[in-house]
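> sequence and predicted structure, then a few things I'm wondering about:
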Amino acid sequence: MFKTKCSQSSQLGLLLAFIVTFLMVILLSGCTGESKPKVYRVGVLSGLSFVASITDGFKEGMTELGYVEGENIVYDVQQTDFDMEAYRSVLQQFVADKVDLIVVYPTEATIEAKMATEGTDIPVLFAFALIEDMGIVDSIREPGGNITGVRYPGVDVALKRFEILHELVPDATRILVPYQRGYPIVQPQLESLRPIAEAAGVTLVEAPADNGTELGSILQEYVTADGVSFDAVLALVEPLSVAVDAYPVMVSFMAEHQLPFGGAYVPEGDYRPLFGVNVDVWNSGYQSATLADKIFQGIDPGTIPVASAETYLEIDYKMAEMLGLTVPEELLALADEVYR
């Protein structure tokens, strides 16, 4: 009888010791502060192939800030090329996946992202978006809502493009301006350009089109027995003039008739634009990373001021020489890159 009681007492003691040890392990592991790190899920909508390097710049900036892909951050990068239905489909999936952040560009995709995330707590970070009169933000200092980003100074860029084209081709009196029909950021640019062009004695010949096929037909309409009834082409800040189906059509026409064009610099083939004024696309993404980091630190995106991308000037000196045009030394001095 005595031995049985001792045995039971011993077993109870061992059980209590095990329970105490187990609880101590749990408490000590909690005290060390070691827990699984937060893994941020970022949905990236790359909506225009011409500026797809924004994603690379963003990722590089995030890496430098300590976000290591596959460890504490994962990216779902979806790339399309000015396709409104694709924009909406991708954004709906991001919302369904409850990502921690949506990074989006350009302007139209940004507008769709703002609408898609309405009523959610998913922040939106834009790049390469023209925000003036677009209803994207309340103001640059306080964007409001769930959104902030790096703005594209579209009107300023359009004016600069016109000034440089006029400087390179001073005898041009009729300049064709192709653009995506119905694209909202075009009108603010045209409204700013018209009085400047009129003062310079230049007529802007507007050519809205839905795609490259329609643009090709429009261009042919300006071919007469005496030649082409415009002197040069100016690309605005919009998708048509750099779209994969429209840009080759425009280049082929300009090469055939030996006409100058410029605005966006896409160096494909032997016949190229005279110049390009744009923002440093990669750097726009890189700038965005700092804003993403603030959002992940818990700062309300609507209180983070919108950043502005800096412009970048490229001049194709070889093309100017081929067309018999003079590039002023003052303009060469302003260029960030000169291709000879």
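In hand now; what should we look at? Computed from a predicted model, the values in this text were never measured in an experiment. Residues are numbered from 1 along each chain as shown.
> check which residues of stretch 120-139 are buried.
Within stretch 120-139, the residues scored as buried using 16 or more other C-beta atoms under 10 Å are 122-132, 134, 136-137. Using the backbone N, CA and C atoms, a C-beta is placed for each residue, glycine as well.
> ok, the nearest residue to Ser49 once chain neighbours are set aside - contacts?
Setting aside the residues directly before and after it, Ser49 is nearest to Asp81 in space (C-beta to C-beta, 6 or more residues apart in numbering), at 4.7 Å. Asp81 makes contacts with Gly47, Leu48, Ser49, Pro239, Ala243, Val244, as judged by C-beta atoms under 8 Å, 6 or more residues apart in numbering.
> so what pLDDT did Asp81 get?
For Asp81, the pLDDT comes out at 91.
> for Glu132, same thing?
Note on Glu132: pLDDT of 84.
> do you know how far Arg174 is from His166?
12 Å (C-beta to C-beta, to the nearest Å).
> who has more neighbours out of these two?
His166 (19 against 14; other C-beta atoms under 10 Å).
> so how far is Glu108 from the more buried one?
His166 is 29 Å from Glu108, by C-beta to C-beta.
> what does Thr63 give?
In terms of C-beta to C-beta, Thr63 sits 29 Å off from Glu108.
> list the contacts for Glu132?
Neighbour list for Glu132: Gly154, Val155, Pro188 [criterion: C-beta under 8 Å, 6+ apart].
> common neighbours of Arg174 and His166, please.
Taking C-beta under 8 Å, 6+ apart as the criterion, Arg174 and His166 both touch Val202.
> returning to that earlier point: and Thr63 and Glu108? Which one has more around it.
Higher neighbour count among Thr63 and Glu108: Glu108, with 24 against 13, using other C-beta under 10 Å.
> surely the more buried one forms part of a helix?
Yes. Assessed with DSSP: H, G, I helix; E, B strand; the rest coil, Glu108 lies in a helix.
> pretty sure it contacts Tyr183?
Yes. Between Glu108 and Tyr183 there is a contact at 7.3 Å, judged by C-beta atoms under 8 Å.
> what helix or strand is Val277 on?
Secondary-structure assignment from DSSP states H and E places Val277 in strand 275-279.
> quick check: mean pLDDT of that strand?
Taken as a whole, strand 275-279 has a mean pLDDT of 95.
> okay, helices next: where are they in the stretch 201-340 of the chain?
For the stretch 201-340 of the chain, the helices defined by DSSP state H, counting those that start in this stretch occupy 212-221, 247-257, 281-296, 317-322, 329-334.
> please identify the most buried of the ones you listed.
Among the helices of the stretch 201-340 of the chain, helix 281-296 has the highest mean neighbour count (mean count of other C-beta atoms under 10 Å), at a mean of 22.
> between that helix and strand 275-279, how many degrees?
Using axes from the mean of the first three to the mean of the last three C-alpha atoms, to 10 degrees, the direction of helix 281-296 lies 10 degrees away from that of strand 275-279.
> and helix 281-296, what does it pack onto?
Contacts defined by 3 or more C-beta pairs under 8 Å, 6 or more residues apart in numbering; DSSP states H and E place helix 281-296 against helix 53-64, strand 101-105, strand 124-129, strand 147-151, strand 307-308.
> and the last one, how far out from the chain middle?
Averaging C-alpha coordinates over strand 307-308 and over its chain gives two centres that are 12 Å apart (C-alpha atoms, centre = their mean, to the nearest Å).
> also the second one?
Averaging C-alpha positions (C-alpha atoms, centre = their mean) puts strand 101-105 9 Å from its chain's average.
> ditto for stretch 124-144
With C-alpha atoms, centre = their mean as the basis, stretch 124-144 stands 13 Å off its chain's centre.
> pull up the distance across that stretch, start to finish.
Using C-alpha to C-alpha, to the nearest Å, one end of stretch 124-144 lies 11 Å from the other.
> swap in stretch 145-158?
Terminal-residue distance, stretch 145-158 (C-alpha to C-alpha): 29 Å.
> quick check on the contacts of Glu132: which are buried?
Gly154, Val155, Pro188.
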